[in-house]
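Asks: quick one, what's the 3D model for this:
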Amino acid sequence: VQLQASGGGLVQAGGSPRLSCAASGFIFLDYGIGWFRQAPGKEREGVACFGRSGGRPYYADSVKGRFTISRDNAKNTVYLQMSDLKPEDTAVYYCATVLVCGGSWESEYWGQGTQVTVSS
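Replies: You can find the predicted model right below:
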(Lines give C-alpha, C1' and ligand atoms only; values in the text may rest on other atoms or scores of the structure.)
Protein backbone atom coordinates (compact mmCIF):
# COMPACT_ATOMS: atom_id res chain seq x y z
CA VAL A 1 0.00 0.00 0.00
CA GLN A 2 1.32 3.40 -0.97
CA LEU A 3 -0.08 6.87 -0.51
CA GLN A 4 2.05 9.57 -2.06
CA ALA A 5 1.17 13.13 -1.09
CA SER A 6 2.41 16.16 -2.99
CA GLY A 7 1.67 19.82 -3.52
CA GLY A 8 2.89 21.40 -0.33
CA GLY A 9 5.35 24.24 0.00
CA LEU A 10 5.63 27.81 1.15
CA VAL A 11 2.43 29.77 0.54
CA GLN A 12 1.39 33.30 1.39
CA ALA A 13 -1.57 33.84 3.64
CA GLY A 14 -4.74 33.86 1.57
CA GLY A 15 -3.24 31.46 -0.96
CA SER A 16 -4.98 28.48 -2.55
CA PRO A 17 -2.71 25.49 -3.11
CA ARG A 18 -3.96 22.04 -3.96
CA LEU A 19 -2.59 18.90 -2.39
CA SER A 20 -2.72 15.57 -4.19
CA CYS A 21 -2.38 12.06 -2.89
CA ALA A 22 -1.87 9.20 -5.31
CA ALA A 23 -2.81 5.77 -3.99
CA SER A 24 -1.64 2.35 -5.09
CA GLY A 25 -1.51 -1.20 -3.85
CA PHE A 26 -5.12 -1.47 -2.78
CA ILE A 27 -8.59 -1.12 -4.24
CA PHE A 28 -9.08 2.62 -3.88
CA LEU A 29 -12.86 2.44 -4.26
CA ASP A 30 -13.15 0.13 -1.27
CA TYR A 31 -11.72 2.62 1.21
CA GLY A 32 -12.64 5.82 2.90
CA ILE A 33 -9.90 8.38 2.39
CA GLY A 34 -8.97 11.55 4.17
CA TRP A 35 -6.49 14.26 4.97
CA PHE A 36 -4.91 14.90 8.34
CA ARG A 37 -2.43 17.47 9.53
CA GLN A 38 0.03 17.93 12.33
CA ALA A 39 1.30 21.32 13.32
CA PRO A 40 4.51 21.78 15.32
CA GLY A 41 3.92 20.94 18.96
CA LYS A 42 0.33 19.86 18.36
CA GLU A 43 -1.45 16.57 18.00
CA ARG A 44 -2.41 15.27 14.61
CA GLU A 45 -5.95 16.22 13.60
CA GLY A 46 -8.35 15.11 10.94
CA VAL A 47 -9.06 17.74 8.31
CA ALA A 48 -11.42 16.28 5.70
CA CYS A 49 -12.53 12.85 4.56
CA PHE A 50 -14.85 10.67 2.53
CA GLY A 51 -16.33 7.65 4.17
CA ARG A 52 -16.07 4.20 2.63
CA SER A 53 -19.64 4.39 1.40
CA GLY A 54 -19.03 7.73 -0.32
CA GLY A 55 -21.55 10.48 0.13
CA ARG A 56 -20.88 13.94 1.37
CA PRO A 57 -17.43 14.68 2.73
CA TYR A 58 -16.78 15.59 6.33
CA TYR A 59 -14.75 18.64 7.34
CA ALA A 60 -13.21 19.73 10.56
CA ASP A 61 -14.68 23.00 11.79
CA SER A 62 -11.31 24.69 11.44
CA VAL A 63 -11.30 24.26 7.66
CA LYS A 64 -14.99 24.18 6.79
CA GLY A 65 -15.75 26.60 3.98
CA ARG A 66 -12.07 27.01 3.08
CA PHE A 67 -10.91 23.51 2.13
CA THR A 68 -12.49 21.10 -0.34
CA ILE A 69 -11.71 17.40 -0.56
CA SER A 70 -12.34 15.51 -3.77
CA ARG A 71 -11.41 12.12 -5.14
CA ASP A 72 -10.86 10.83 -8.64
CA ASN A 73 -11.44 7.10 -8.45
CA ALA A 74 -10.26 6.61 -12.03
CA LYS A 75 -6.88 8.05 -11.06
CA ASN A 76 -6.77 6.61 -7.54
CA THR A 77 -6.14 10.11 -6.28
CA VAL A 78 -7.57 12.29 -3.55
CA TYR A 79 -7.15 16.06 -3.53
CA LEU A 80 -7.35 18.80 -0.97
CA GLN A 81 -8.07 22.20 -2.43
CA MET A 82 -7.09 24.75 0.18
CA SER A 83 -8.11 28.39 0.07
CA ASP A 84 -7.88 31.46 2.27
CA LEU A 85 -4.89 29.93 4.01
CA LYS A 86 -3.93 31.24 7.42
CA PRO A 87 -0.65 30.93 9.32
CA GLU A 88 -2.37 28.48 11.69
CA ASP A 89 -2.84 26.12 8.74
CA THR A 90 0.91 25.56 8.74
CA ALA A 91 1.43 21.83 9.26
CA VAL A 92 2.55 18.61 7.70
CA TYR A 93 -0.42 17.27 5.76
CA TYR A 94 -0.96 13.54 5.41
CA CYS A 95 -3.40 11.45 3.46
CA ALA A 96 -4.65 8.19 4.88
CA THR A 97 -7.32 5.62 4.41
CA VAL A 98 -10.01 6.07 7.03
CA LEU A 99 -12.11 3.47 8.75
CA VAL A 100 -14.14 6.17 10.47
CA CYS A 101 -14.66 9.49 8.68
CA GLY A 102 -14.91 12.18 11.33
CA GLY A 103 -15.53 11.37 14.99
CA SER A 104 -12.70 9.11 16.08
CA TRP A 105 -10.99 9.48 12.68
CA GLU A 106 -9.82 5.89 12.90
CA SER A 107 -7.35 5.36 10.10
CA GLU A 108 -5.40 2.51 8.61
CA TYR A 109 -2.84 3.20 5.90
CA TRP A 110 -0.76 6.36 5.87
CA GLY A 111 1.31 8.19 3.34
CA GLN A 112 4.30 10.37 3.95
CA GLY A 113 3.40 13.94 4.69
CA THR A 114 3.81 17.09 2.68
CA GLN A 115 4.74 20.31 4.44
CA VAL A 116 2.55 23.38 4.02
CA THR A 117 3.96 26.57 5.46
CA VAL A 118 1.83 29.68 5.39
CA SER A 119 3.61 32.99 5.65
CA SER A 120 1.81 36.05 6.93
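Asks: check the offset of stretch 50-61 from the chain's centre.
Replies: 12 Å (CA atoms, centre = their mean, to the nearest Å).
Asks: using the three-state scheme, assign Leu29.
Replies: Here Leu29 is recorded as helix under DSSP: H, G, I helix; E, B strand; the rest coil.
Asks: my error: substitute Ile33 in the last question.
Replies: Using three-state DSSP, the structure places Ile33 in strand.
Asks: please name the nearest non-neighbouring residue to it.
Replies: Spatially, and ignoring its direct neighbours in sequence, Ile33 is nearest to Val78 (4.7 Å; CB to CB, 6 or more residues apart in numbering). Heads up, the C-betas are built off the backbone N, CA and C, glycines and all.
Asks: buried residues in stretch 9-18?
Replies: Val11, Gly15, Pro17 (16 or more other CB atoms under 10 Å).
Asks: need those in TSV (columns: secondary structure).
Replies: What follows is the buried residues of stretch 9-18, written out as TSV (three-state DSSP):
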residue	secondary structure
Val11	strand
Gly15	coil
Pro17	coil
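Asks: quick check: beta-bridge partners of the residue nearest in space to the middle of the chain?
Replies: Nearest to the mean C-alpha position of the chain, counting by CA atoms, centre = their mean, stands Trp35 at 2.1 Å. Beta bridges link Trp35 to Ala48, Cys95 when assigned by DSSP bridges.
Asks: which residues does it contact?
Replies: 19, 21, 46-49, 69, 78, 80, 93-96 (CB atoms under 8 Å, 6 or more residues apart in numbering).
Asks: ok, Leu19 next?
Replies: Ala5, Ser6, Gly7, Gly8, Trp35, Tyr79, Leu80, Met82, Tyr93, Cys95, Thr114, Val116.
Asks: mind telling me what element it is part of?
Replies: Leu19 belongs to strand 18-24 when assigned by DSSP states H and E.
Asks: what confidence value was assigned to Ser53?
Replies: At Ser53, the model reports a pLDDT of 89.
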